[in-house]
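Novice: The sequence isn't on hand, but the structure is:
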């Protein structure tokens, strides 16, 4: 079986990716990134998910990198996290410049050092409009770069790049993914706020998938 590393945010998508890897391959590592994000709470979720699957969890410290970034609500406390719909116009302020590219290349180095052949990222079709480094053409290029940079030792896979988040939730549910351990909210409080764009996307995905939502939200869904 192929040894894989999952770039694990602690959210629904990457947790499902880990569930798929556990069924089909050998998940050797999960890799998360501390970049000084407002929702650092996601790292605890990633750790809990990794422990559930019995997979070693590595956290990359990129806080100094994150402090150098301005203009994103995820790294700049002076910018409010957008509430409402998860769409490109509303969520544009959450773009962290070159975030996925930076995380992936750092993860590739860790994978190579640990004799892991693939790094998985759980980007999906709902990310394409907003995040340039989550689009199919970027994944193809990044995988080629990883392959060349490691002399063929490591490649990048994005198994959900053409799937919707609702489809991912449906798949994860069928595999018994521990969604109750996951975290999506960008506000980063003790519970999901229920109002920010990522909470709205999370709610909608469970509804569209017809899967019971285990999330505790601070604010009830608006009728």
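Specialist: Happy to help now that I have it. Here the structure is a predicted model, which means the values were calculated and not measured.

Novice: check contacts around residue 27.
Specialist: Each residue near residue 27 by C-beta atoms under 8 Å, 6 or more residues apart in numbering is listed here: 4, 5, 6, 18, 21, 53, 55. Heads up, the C-betas are built off the backbone N, CA and C, glycines and all.

Novice: From the contact counts, what lies against the helix or strand where the third one lies?
Specialist: With elements delineated by DSSP states H and E, residue 6 resides in strand 3-7, which encompasses its position. Judged by 3 or more C-beta pairs under 8 Å, 6 or more residues apart in numbering; DSSP states H and E, the packing partners of strand 3-7 are helix 12-24, strand 26-34, helix 99-113, strand 118-120.

Novice: angle of the longest one against strand 3-7?
Specialist: Counting by axes from the mean of the first three to the mean of the last three C-alpha atoms, to 10 degrees, helix 99-113 lies at 150 degrees to strand 3-7.

Novice: tell me which residues in helix 99-113 are buried?
Specialist: 99-108, 110-112 (16 or more other C-beta atoms under 10 Å).

Novice: and that helix, how far out from the chain's middle?
Specialist: The chain centre lies 14 Å from the centre of helix 99-113; the measure is C-alpha atoms, centre = their mean, to the nearest Å.

Novice: For it, give me every contacting residue.
Specialist: 5, 7, 29, 31, 33, 35, 58, 60, 62, 65, 116-119, 121, 123, 131, 133-134, 138, 142, 145-146, 149-150, 153-154, 156.

Novice: Averaged pLDDT, that helix. What do you get?
Specialist: Averaging pLDDT along helix 99-113 yields 97.

Novice: Adjust the sequence numbering to begin at 20 for everything that follows.
Specialist: In the new numbering, first residue 20, that becomes helix 118-132.

Novice: Now do it against strand 45-53, angle only.
Specialist: Going by the same axes, to 10 degrees, helix 118-132 makes 130 degrees with strand 45-53.

Novice: shouldn't residue 233 be in contact with residue 196?
Specialist: No. Residue 233 is not in contact with residue 196 according to C-beta atoms under 8 Å; the separation is 10.8 Å.
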